[in-house]
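Trainee: using only what follows, build the 3D model:
(2 chains)
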Protein chains: 2
Amino acid sequence: MDNRAIGIFDSGLGGLTCVKKVMEIMPNENIIYFGDTGRVPYGTKSKETIIKYVRQNINFLETFDIKFIIIACGTASSAALPNIQDEIKTEVIGVLEPTCREAIAVTKNGKIGVIGTQGTINSGKYLETINRINPDTEVYSTACPMFVPLVENGYTEGEVARIIVEEYLAPVKEKGVDTLIMGCTHYPLLRKEIQKFMGDDVRLIDSGAAAAVEAKAHLLKNGSLCGSENAGTAKYYVSDTVVGFEELGSAFLDKHIEGSVHKIDIEKY
Amino acid sequence: MDNRAIGIFDSGLGGLTCVKKVMEIMPNENIIYFGDTGRVPYGTKSKETIIKYVRQNINFLETFDIKFIIIACGTASSAALPNIQDEIKTEVIGVLEPTCREAIAVTKNGKIGVIGTQGTINSGKYLETINRINPDTEVYSTACPMFVPLVENGYTEGEVARIIVEEYLAPVKEKGVDTLIMGCTHYPLLRKEIQKFMGDDVRLIDSGAAAAVEAKAHLLKNGSLCGSENAGTAKYYVSDTVVGFEELGSAFLDKHIEGSVHKIDIEKY
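Mentor: Sure thing, here's the model as predicted:
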């Protein structure tokens, strides 16, 4: 038993898809969430810059009494984590390995599509990881740089989302994939348009949820799940104003988080 | 005569619309440009965060021997500059006043539209400034949060740009404005779709170009134009990798800037 909190971070709001899943499957855990809203998006930035940001985010989370870190951001998990894994004191996982394992477990025809930000796709880490786990898998990747702005500006359904989803996903659909990794935690908000275009037979993998499931497996194995029988608490920190985050986050998590969101200066860490 | 350089900054690439105009109308001036590509976009961030970033950008430019600063960013000019103008040692202008004056000079029916980022429109500074210069003007403002992502991802023409331009600009067009301030230096790249939707009779004001013209007037008045008869030099600094900036910037300015772009750590300033 270990009653310390789980630290979770993302470039912004997207990581709340992971928080939601943690709350669902580990309701007694305490959570410290950091959304780097002052420097979002990560996906268009260079590997060097992303690594710097990730180091600072982890330094910040480690100022709390935490037992585990989930990097609930596709770009940070693929473009940064593999390079700095060894220097992190706390046990940490990203979304990369969990989503790859889940995709390999569910694919029937061995053809997996991967969508993510430019930073994620440029890293080549999805291809590398899937091939390491199962070299017989065919992987088709494509960057979808407009998906984060679409989600952040409320274009999750309708004509604009439909055209852009079609434009980005057509090459992957053409390859006949039966499983599609949504390698960015913002993308599940576009799920309806993505599923409509790909067809009902294609299984979509939600990276934030996959990471939550893997985190639970780690904590179980280590005997370090929370021993309390009370509902866990959650504290949220952001690097820009709390206002928009409180509102969108409450809608997103389907619970009031007003009053539990605090602004910090991430550049100090 | 003053042979020191002019410092210009923007959140990213957009400010090069201003650099281009400076090179055209003041070809002997030396330029130090900073694009905050590691923290772009500004327009979706809070006033507090934008002010912090602008202070750092000015601190950085002031490490050079400069005589004048142009803030070639609509969000920084409206959401930050009015609050910190007094603390800046170097003479500085933003895009706000020059565009307002130009719009008031060209409007015939006294109805001016203003488009900008959420940060710019929320600041209310365009409305305030236009009304201060000419209280009889009618001002209709609207935020266009998807325009920067559209430009940055190459959606400057075609169906998606057309739909979003139409959606954002319909309320302003309905009011019968004859002049439209493009209050963000990225927007001139969408000029074709904006002009098509607004109609040929509507005059579009380019904020980067307007600021360059005003800067020249200041330097002339102060007798501090560059005394050299040689073509001016330009150095470019960015807070993310130089690679994308060199390529896009060269296309944008229609001249090779490879080798003159350097990466800096803006968080140190």
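Trainee: residues from the stretch 1-150 of chain A in reach of chain B?
Mentor: A:37, A:38, A:39, A:44, A:45, A:46, A:48, A:49, A:145, A:146, A:149 (CB under 8 Å from any CB of the partner chain). To be clear about C-beta, it is placed using only N, CA and C from the backbone, and glycine gets the same treatment.
Trainee: the helices in the stretch 51-200 of chain A, which residues?
Mentor: Using DSSP state H, counting those that start in this stretch, the helices of the stretch 51-200 of chain A run over A:74-75, A:81-84, A:96-106, A:118-123, A:125-133, A:147-152, A:159-174, A:191-198.
Trainee: using PDB, write down the CA coordinates of the longest one.
Mentor: The C-alpha atoms that make up helix A:159-174 are tabulated as PDB, following Å, rounded to 0.1, in the frame of the first residue of the first chain:
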ATOM      1  CA  GLU A 159     -17.900  20.100 -42.100                       C
ATOM      2  CA  VAL A 160     -14.400  21.500 -41.300                       C
ATOM      3  CA  ALA A 161     -13.600  18.600 -39.000                       C
ATOM      4  CA  ARG A 162     -14.900  16.100 -41.600                       C
ATOM      5  CA  ILE A 163     -12.800  17.600 -44.400                       C
ATOM      6  CA  ILE A 164      -9.600  17.600 -42.400                       C
ATOM      7  CA  VAL A 165     -10.200  14.200 -40.900                       C
ATOM      8  CA  GLU A 166     -10.700  12.800 -44.400                       C
ATOM      9  CA  GLU A 167      -7.600  14.600 -45.800                       C
ATOM     10  CA  TYR A 168      -5.300  13.300 -43.000                       C
ATOM     11  CA  LEU A 169      -6.700   9.800 -42.600                       C
ATOM     12  CA  ALA A 170      -7.300   8.800 -46.300                       C
ATOM     13  CA  PRO A 171      -3.800   7.400 -46.800                       C
ATOM     14  CA  VAL A 172      -4.000   5.300 -43.600                       C
ATOM     15  CA  LYS A 173      -7.500   4.100 -44.400                       C
ATOM     16  CA  GLU A 174      -6.300   3.100 -47.900                       C
END
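Trainee: who touches residue A:181 in this structure?
Mentor: Residue A:181 makes contact with A:99, A:100, A:103, A:112, A:113, A:114, A:115, A:116, A:126, A:205, A:207 under the criterion CB atoms under 8 Å, 6 or more residues apart in numbering or on different chains.
Trainee: distance between the ends of stretch A:196-216?
Mentor: 31 Å (CA to CA, to the nearest Å).
Trainee: ok, stretch A:57-70 next?
Mentor: Across stretch A:57-70, first to last residue, CA to CA, it's 11 Å.
Trainee: how about that stretch: buried residues?
Mentor: A:57, A:58, A:60, A:61, A:66, A:67, A:68, A:69, A:70 (16 or more other CB atoms under 10 Å in any protein chain shown).
Trainee: which two of the residues you listed have the greatest separation?
Mentor: Within these, two members stand farthest from each other by CB to CB: A:57 and A:67, at 16.9 Å.
Trainee: ok, residue A:237 to residue A:215 distance?
Mentor: In this structure, residue A:237 and residue A:215 are 19 Å apart, going by CB to CB, to the nearest Å.
Trainee: who's more crowded, these two?
Mentor: When residue A:237 and residue A:215 are compared for neighbours, residue A:215 comes out ahead with 26 against 23, by other CB atoms under 10 Å in any protein chain shown.
Trainee: local confidence estimate at the more buried one?
Mentor: pLDDT, residue A:215: 98.
Trainee: so the closest residue to residue A:25 other than its chain neighbours, which of the three states?
Mentor: Of all residues not flanking residue A:25 in the chain, residue A:216 sits nearest, at 5.6 Å (CB to CB, 6 or more residues apart in numbering or on different chains). Classification of residue A:216 by DSSP: H, G, I helix; E, B strand; the rest coil places it in helix.
Trainee: isn't residue A:216 up against residue A:27?
Mentor: No: here residue A:216 does not reach residue A:27: they are 11.2 Å apart, not a contact under CB atoms under 8 Å.
Trainee: who's more crowded, the two?
Mentor: Higher neighbour count among residue A:216 and residue A:27: residue A:216, with 17 against 12, using other CB under 10 Å.
Trainee: quick one, what contacts residue A:152?
Mentor: Residue A:152 is in contact with A:12, A:13, A:40, A:186, B:44, counting by CB under 8 Å, 6+ apart.
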